[in-house]
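Visitor: Sequence first, then the predicted structure, then my questions.
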2 protein chains.
Amino acid sequence: MVRKPATLKDVAALANVSRATAARALNSYGYVGGETAQKVQAAAEKLGYRGNRLAQALRSGQLPIVGCILGDIQNPFFARIAHDIEVLARECGHNLVIGSSEEELAQEISLLASLRSLSIRGFIVAPTSQGNNAHLQGLIDEDVPLVLIDRVAEGVDCDSVVVDNEGGARKAVEYLIGMGHNRIGLLQDDMRIFTSRERRSGYRSALAAAGIAADDRMVAVSQSTVEHAVDATIRLFSQKSPPTSLFTVDSLMTQGALLAFRSMGVSIPHDVSLIGFDDFNLATFTDPQITVVSQPVSEIGRAAARVLFERLAGKDGAPQKIRFETKLIVRGSVSRRSVI
Amino acid sequence: MVRKPATLKDVAALANVSRATAARALNSYGYVGGETAQKVQAAAEKLGYRGNRLAQALRSGQLPIVGCILGDIQNPFFARIAHDIEVLARECGHNLVIGSSEEELAQEISLLASLRSLSIRGFIVAPTSQGNNAHLQGLIDEDVPLVLIDRVAEGVDCDSVVVDNEGGARKAVEYLIGMGHNRIGLLQDDMRIFTSRERRSGYRSALAAAGIAADDRMVAVSQSTVEHAVDATIRLFSQKSPPTSLFTVDSLMTQGALLAFRSMGVSIPHDVSLIGFDDFNLATFTDPQITVVSQPVSEIGRAAARVLFERLAGKDGAPQKIRFETKLIVRGSVSRRSVI
DNA sequence: AATATATGTGAGATCGATCTCACATCGTCT
DNA sequence: AGACGATGTGAGATCGATCTCACATATATT
């Protein structure tokens, strides 16, 4: 029952022509007699011939696969992006290899090396690290198309798709300040991560503009998972004089903060005000609904894929740096606080 | 600046040996002189040689990649599974290609064909369809390892990892009945989908056991996304005599139902009781917390990957049919109803 | 000393598809 | 009639790694 897939040789034999002719007939290039072409088509049909993409790739040097290295597919933000990229890739006749760096530079590097040895055509990467991006520069040096997504990497000059993190964070914090808050907490993930740095920078600049001194006790750092965020929030709010409001840098952390507040019996927005970066499905179900800075998630993956496939199609030119705006969506998780 | 990656030939030339010897030195097989081996290693090192996996694969007939076709990576259930598979694959020196069938059989078939032409080593598939599984049978006929996940396909005899859908659904509905409900709604996705059928079957058998007649007006069908579930729920509860309780077959639909109830001003559990299949992060944050039937999501992907890699390692034997138990987690979204 | 065995190495075939080149066979134009 | 272009086709090289086979040496055994 174990029959090997048919090869071009088989097709050629069945059609009584040479491999070269069979190839011409199937890929329609060069001169092929009409009748011959038919014979070959028929033979291919009968054998269920379906070219070996590996062999084709060996010859052409390129496998019709694009690689995608993200922080974590479990994060709905990245899941959405991965999905959109996959859809576009399929439309372009490519498949998608996914790797998760788990925010470890070493992992990212080894994953990339492993994918490169596959002669993959192009990459979309959400780089983990700030500096140390020789592995990414290496791609560029060898003219392998690379699109950075969600984050840019220092000193790596290539296409990128990001959002206005700093501006979004600033809007959020300015809104809190405008509502009378001055003890504003920040729940962020690791400083190695670009978005985390930018969002913190927006947080800081909003504070500075309002003349509020930065205070490290107002800042908690955790990994970007619901569980870690719960712990970090509890720690942050167990201090003697905790923040009166909290800005969280992504939706998983927002959810973690929500769960933490519930477990601590802290009421939102009565006891603490909350505002998150990145919208999420249940943000409007919770009571109160959660005020967030939203980013156009559905655009990001598509934009990155579009740029990548343009490059694969041979488009030259200066790197495209796409940056989407963010939007403050006011709901009910922030309350006005009379200044004391 | 564009230097091609070094090939074995380059290494051999630099080390002044033949390609064969270089290969032997690098892969340590056959006889190689100690000194020669060193020279080759050094040359490889200097050139940054890193074998072309494509060429290796063409020769061996197999690319160290496993394919994974799921319904939708955006579903946190599948995202979790994909993540776990990716981690295990990496440990086994493989990469992961992901495709989304979007619950379309045609898509699943074409995706599988496209991945097969890559000479991928094995597959993990969540089959969309009930019958019509010739494409899956084709894999088995050619001895390509295949593990079905979350769902099994009729007439396809291979490894599989599923949960006790029927039992889980029965537990949920029995619990509702025990709480005095007899107008029990079901929000399910397409009947083509295995889990949907099984969970409905559990729903039906619980009703039947309690002597409650099945009523099609109590059943709503929608795609498995939050948005579609919102609409379906609203339709279901806009009838003259709507259900007094609802069982939803997955977490996205549960979230959709929650949003729908909120928008309709229906209070849980006062007006309507709700119980969902598959737990989710915010289930304990909502007010009330949501009662669910949980499945061991973190086990499923890992189990499937483990089985797949055992097969890839050459393990023979009868198909493994793994089936995990589900667990009813009682929280606060179901209220006792006095029988009228 | 002669044969057997262990140890190293290289030439060339192979995987499957593609592409260049050479060689046909037509028709057409001067 | 001879020549040139258009049209069709096949032989063989190529992509890069691997593996078989043949051929060397060196060491061991009788």
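Guide: Structure received.

Visitor: Now do the contacts for the residue most central in space within chain A.
Guide: Closest residue to the average C-alpha location of chain A: residue A:78 at 4.6 Å, with Cα atoms, centre = their mean. Residue A:78 is in contact with A:70-72, A:126, A:150, counting by Cβ atoms under 8 Å, 6 or more residues apart in numbering or on different chains. Glycine gets a C-beta too; all of them are placed from N, C-alpha and C.

Visitor: With secondary structure and distance to residue B:163 as extra columns, can I get the residues you listed in a markdown table?
Guide: Formatted as a markdown table, the contacts of residue A:78 follow (DSSP: H, G, I helix; E, B strand; the rest coil; distance: Cβ to Cβ, whole Å):
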| residue | secondary structure | distance to residue B:163 |
| --- | --- | --- |
| A:70 | strand | 27 |
| A:71 | coil | 28 |
| A:72 | coil | 24 |
| A:126 | coil | 32 |
| A:150 | coil | 33 |
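
Visitor: Would you map out the domains in chain A?
Guide: Listed domain ranges for chain A are A:8-51, A:61-162+A:297-324, A:165-295 (source: automatic domain parsing).

Visitor: so which of those domains gets nearest residue B:290?
Guide: Across the domains of chain A, residue B:290 has its closest neighbour in domain A:165-295 (10.5 Å, Cβ to Cβ).

Visitor: so for the closest one, what's the average pLDDT?
Guide: Domain A:165-295 carries an average pLDDT of 95.

Visitor: That domain near chain B at all?
Guide: Yes - applying Cβ under 8 Å from any Cβ of the partner chain, one finds domain A:165-295 in contact with chain B at A:226, A:255, A:258-259, A:262, A:281-282, A:284-287.

Visitor: can you give me the end-to-end distance of that domain?
Guide: 9 Å (Cα to Cα, to the nearest Å).

Visitor: what does stretch A:120-133 give?
Guide: End-to-end for stretch A:120-133, by Cα to Cα: 19 Å.

Visitor: distance between that stretch and the chain's centre?
Guide: The chain centre lies 11 Å from the centre of stretch A:120-133; the measure is Cα atoms, centre = their mean, to the nearest Å.

Visitor: Which positions within that stretch qualify as buried?
Guide: Under the neighbour-count criterion of 16 or more other Cβ atoms under 10 Å in any protein chain shown, stretch A:120-133 has A:120-130, A:132-133 buried.

Visitor: Quick check: residue A:217 is in a strand.
Guide: No - the assignment for residue A:217 by DSSP: H, G, I helix; E, B strand; the rest coil gives helix, which leaves it out of any strand.

Visitor: neighbours around it, how many?
Guide: If you count neighbours by other Cβ atoms under 10 Å in any protein chain shown, residue A:217 ends up with 13.

Visitor: coming back round to it: what's the closest of the residues of domain A:165-295 next to chain B to residue B:84?
Guide: Using Cβ to Cβ, the residues of domain A:165-295 next to chain B come closest to residue B:84 at residue A:226, 16.8 Å.

Visitor: which ones are touching that closest one?
Guide: A:252-253, A:255-256, A:259, B:281 are the contacts of residue A:226 under Cβ under 8 Å, 6+ apart.

Visitor: quick check, nearest of those residues to DNA strand C?
Guide: residue A:252 (44.2 Å; Cβ to the nearest atom of the strand).

Visitor: And that closest one, its phi and psi?
Guide: phi -60, psi -40 (degrees, to the nearest 10).

Visitor: So the residue nearest to residue A:160 when sequence neighbours are not counted: helix, strand or coil?
Guide: Of all residues not flanking residue A:160 in the chain, residue A:148 sits nearest, at 4.1 Å (Cβ to Cβ, 6 or more residues apart in numbering or on different chains). Three-state assignment for residue A:148 (three-state DSSP): strand.

Visitor: Let me know the distance separating residue A:229 from residue A:259.
Guide: 8 Å (Cβ to Cβ, to the nearest Å).

Visitor: Correct me if wrong: residue A:309 contacts residue A:92.
Guide: Yes - if you go by Cβ atoms under 8 Å, residue A:309 and residue A:92 touch, sitting 5.1 Å apart.

Visitor: higher neighbour count, those two?
Guide: Between residue A:309 and residue A:92, counting by other Cβ under 10 Å, residue A:309 is the more crowded of the two (21 against 14).

Visitor: what residues are up against the more buried one?
Guide: Residue A:309 neighbours (Cβ under 8 Å, 6+ apart): A:88-89, A:92, A:94.

Visitor: what about it, which helix or strand?
Guide: helix A:297-312 (DSSP states H and E).

Visitor: quick one: that helix to chain centroid distance?
Guide: Centroid displacement of helix A:297-312 relative to its chain, using Cα atoms, centre = their mean, is 11 Å.

Visitor: Please point out which parts of that helix sit buried.
Guide: Neighbour-count burial for helix A:297-312, counted by 16+ other Cβ under 10 Å, picks out A:297, A:299-312.

Visitor: Looking at the domains of chain A, which is nearest to residue B:99?
Guide: Of all the domains of chain A, domain A:61-162+A:297-324 comes closest under Cβ to Cβ, at 6.7 Å.
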